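# how would this look folded up:
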Amino acid sequence: MAPVATIEESGNGTVSNVAEMKKAQSNKPLEETSLINPFYSPSAGNENDDDYQYAKYKPHFPVVNWNPLTEVEVTDRGHFADASKTALFSAARVVKHLTPAIGTELVGIDLRQLTNQQKDELALLVAERGVVFFRDQELNIHEQLDIARHFGPLHKHATTPVPREPGLEEVHVVYNDAARRPDASAFSKIELWHSDVTYEIQPPSTTSLKVITGPEYGGDTLWSSGYALYSSLSPGMQAYLEGLTALHSAVAQADGSRAAGLHVRREPIETVHPVVRVHPVTGWKSVYVNPGFTRRILGVPKAESDTILNFLFHQVAENVDFQVRFHWEPNSIAFWDNRVVTHTATFDFWPQTRHALRATPHGEKPESVEDYESRTGKVAKDRQIEIWKQQGIEVPQARKGLSRVRGYND
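Got it, this is the predicted structure:
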C-alpha cells in the first residue's frame, strides 16, 4: 500500500483554509510543525513569499474539474534519432556515463539551443540510459515545456500542485520547506519508490525535472533501472513475469489529497499493465511495477502476488547495481524515461527548501512482450545481453546445480 497523507490538523475542505493552516504553521517552533508524508501530502507553500525569487512557481491547487483521459496517438521521437547520436554528442564537451546500468551526464550543452534532431537523439539516449543529467541550465519553465511537447502530449496531474502563474496547468510542482517535516511513522522508504502516474492509460515517457531551489547538500534523487532488474532475473523468472499483468491505482493519491482538504481535479482510476513491458524504440524488456502505485498481480493467489511484488519492490529499492544517485544544484535538470526506471527522493534536507518543476509527456500504452512481438514482428531483447553482444563478450550461461560459495571482496 502506498503512503497516504498524514497532516495532523484538518481544514474545512477548501484550498484557502489549507493555505491558512500552512501559514499558521510557519509561525510555530520547528518542533511543532506538521508531520507529513512526502509522497502524497501536498503543500500550500505560503511561507516567505515576499522575498522568494520563485514565488510565482510555488504550489497552487486550482478548483477545476477535468474530463477522464482518453487514448491519444503517440509516436516516440527516439524512432527518428540517429543511433550514433552524433548531433547531440558533438555539442557536449563531456559525455559521462555514471554507472554501467543507468545514468549519463552531458556537460557543455545549452538545452535552449537544441535542434529537433538533437531532441530526438536525447529521447533515444534517455531510452537507452534511463536518465540523463544536465547542469547550469538557464531555460525557463516555458522552454522546458516546449522540449517536453516534442516528446509527446503533456500530462496534467489530477491532484498535485501546479504553479501559481496562470497557464501552467501542465507543470507539476515539487515543493518542500521548513513547514513540512517528513513523518517516518507514516511510510517506509521503500514505499516512496515509484514511476510517475503509472495508473494512467498512457503513463509518461521522457519526463524532465528542473530544480530551481535546493539545499547545499541532501535532497538527492535516485533512479533504478527496470532493464537491469529484468536482466538480473533467472530465465524462468523472466518468462513467468512476462505472462503477468498488474493493477496500478490512483486511489490512494486522490484520498491523500482529499484528506488534506484539497480538490481532486480528475477522478482516480485503476489500470492494468503488463509486469514486463517492452520499450517501443530500444525493444528492450523492463520490469514495470513500483511500490507507489502497483497494488497487485492479477490472476494469481494473493499470497503469490504479495510475495512476487515484495521481491521486485525490494530489488528496485535495495539493489545498488541497478541505481544511480544525483545531487541537484540550482538549474540542474534530469530527463528520465518513466517507462523503464523508478525513482525516489531523499528527504534528509529538512528544514531547507527544495523546489522543482516537472514536465511530463504521455507515452504509449504499455506493451507486453507478446503484444510487442506480435505488432512489430521483432523479438524483444534483454538489454544486458545486447550490450554484451555489442562488446563482443560471450554471453554467460546460467549455471545448473548447486552454486559455488564465493568470498566477499570490498
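
# so residue 368 touches residue 286, yeah?
No: contact criterion CB atoms under 8 Å: residue 368 and residue 286 do not qualify, at 11.5 Å. Using the backbone N, CA and C atoms, a C-beta is placed for each residue, glycine as well.

# Common neighbours of the two, please.
Shared contacts of residue 368 and residue 286, defined by CB atoms under 8 Å, 6 or more residues apart in numbering, comprise 276, 277, 278.

# give me every residue that touches the second one.
With contacts defined as CB under 8 Å, 6+ apart, residue 277 is in contact with 285, 286, 288, 339, 366, 367, 368.

# And those residues, which is closest to residue 386?
For the contacts of residue 277, the closest approach to residue 386 (CB to CB) belongs to residue 285, at 10.4 Å.

# Now tell me what touches whichever helix in the chain runs longest from outside.
Longest helix in the chain, counting residues (DSSP state H): helix 302-318. If you take CB under 8 Å, 6+ apart as the criterion, helix 302-318 is touched by 189-190, 193, 224, 229, 232, 241, 244, 246, 287, 289-291, 294, 296-298, 300, 322, 342, 344.

# List the contacts of residue 167.
Neighbour list for residue 167: empty [criterion: CB under 8 Å, 6+ apart].

# Now do the same for it: helix, strand or coil?
Of the three states, residue 167 takes coil under DSSP: H, G, I helix; E, B strand; the rest coil.

# circling back to that earlier point, among the contacts of helix 302-318, the buried ones, what's the PyMOL command?
To isolate the buried members of those in PyMOL, using 16 or more other CB atoms under 10 Å:
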select buried, resi 193+224+229+232+241+244+246+287+289+290+291+294+296+297+322+342+344
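
# Just to be sure, which of the contacts of helix 302-318 are found in strands?
Per DSSP state E, strands hold the following members of those: 224, 246, 287, 294, 296, 297, 342, 344.

# and residue 124, helix, strand or coil?
Under three-state DSSP, the three-state class of residue 124 is helix.

# Relative to residue 196, how far out is it?
Here the criterion is CB to CB, to the nearest Å. By it, residue 124 lies 20 Å from residue 196.

# what does residue 167 give?
As judged by CB to CB, residue 167 and residue 196 stand 22 Å apart.

# if you average pLDDT over stretch 106-115, what comes out?
Stretch 106-115 carries an average pLDDT of 98.

# tell me which residues in it are buried?
Buried, per 16+ other CB under 10 Å, within stretch 106-115: 106, 109, 111, 114.

# From the residues you listed, which land in strands?
residue 106.

# For the buried residues of stretch 106-115, work out which two are farthest apart.
Maximum distance among those (CB to CB): 10.8 Å, for 106 and 114.

# ok, back up a step: inside helices: which ones of the shared contacts of residue 368 and residue 286?
If you go by DSSP H, the shared contacts of residue 368 and residue 286 have nothing in helices.

# With distance to residue 386 as new columns, can these be given to me in CSV?
CSV is the format used below for these (distance: CB to CB, whole Å):
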residue, distance to residue 386
276, 16
277, 17
278, 13
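
# quick one on the thing from earlier: which among the ones in strands among the contacts of helix 302-318 gets closest to residue 390?
So of the ones in strands among the contacts of helix 302-318, ranked by how close each gets to residue 390 (CB to CB), first place is residue 287, at 22.0 Å.

# mind checking how far the closest one is from residue 313?
From residue 287 to residue 313 the distance is 10 Å (CB to CB).

# cool, residue 290 as well?
8 Å.

# Identify the contacts common to the two.
Between them, residue 290 and residue 313 share the contacting residues residue 193, judged by CB under 8 Å, 6+ apart.

# Could you identify the longest strand within this protein?
Max-length strand for the chain by DSSP E is strand 206-213.

# circling back to that earlier point, most widely separated two among the contacts of residue 277?
Using CB to CB, the pair of the contacts of residue 277 lying farthest apart is 339 and 368, separated by 12.9 Å.

# If you count surrounding residues, which of the two has more?
Between residue 339 and residue 368, counted using other CB atoms under 10 Å, the more crowded position is residue 339 (29 against 21).

# Report the contact partners of that one.
Counting by CB under 8 Å, 6+ apart, residue 339 touches 195, 203, 204, 205, 226, 277, 279, 286, 288, 363, 366.

# which ones among those are found in strands?
In this view, the contacts of residue 339 that belong to strands under DSSP E are 277, 286.

# ok, the spatially closest residue to residue 67 that is not a sequence neighbour - contacts?
Distance criterion CB to CB, 6 or more residues apart in numbering; nearest residue to residue 67, sequence neighbours excluded, is residue 266 at 7.4 Å. Applying CB under 8 Å, 6+ apart, we find residue 266 in contact with 65, 66, 67, 68, 69, 156, 158.

# redo that, cut-off 7 Å
Counting by CB atoms under 7 Å, 6 or more residues apart in numbering, residue 266 touches 66, 68, 158.

# Just list the residues touching the last one, thanks.
Yep, that's residue 158 we're talking about. Here residue 158 is in contact with 66, 254, 264, 265, 266 (CB under 7 Å, 6+ apart).
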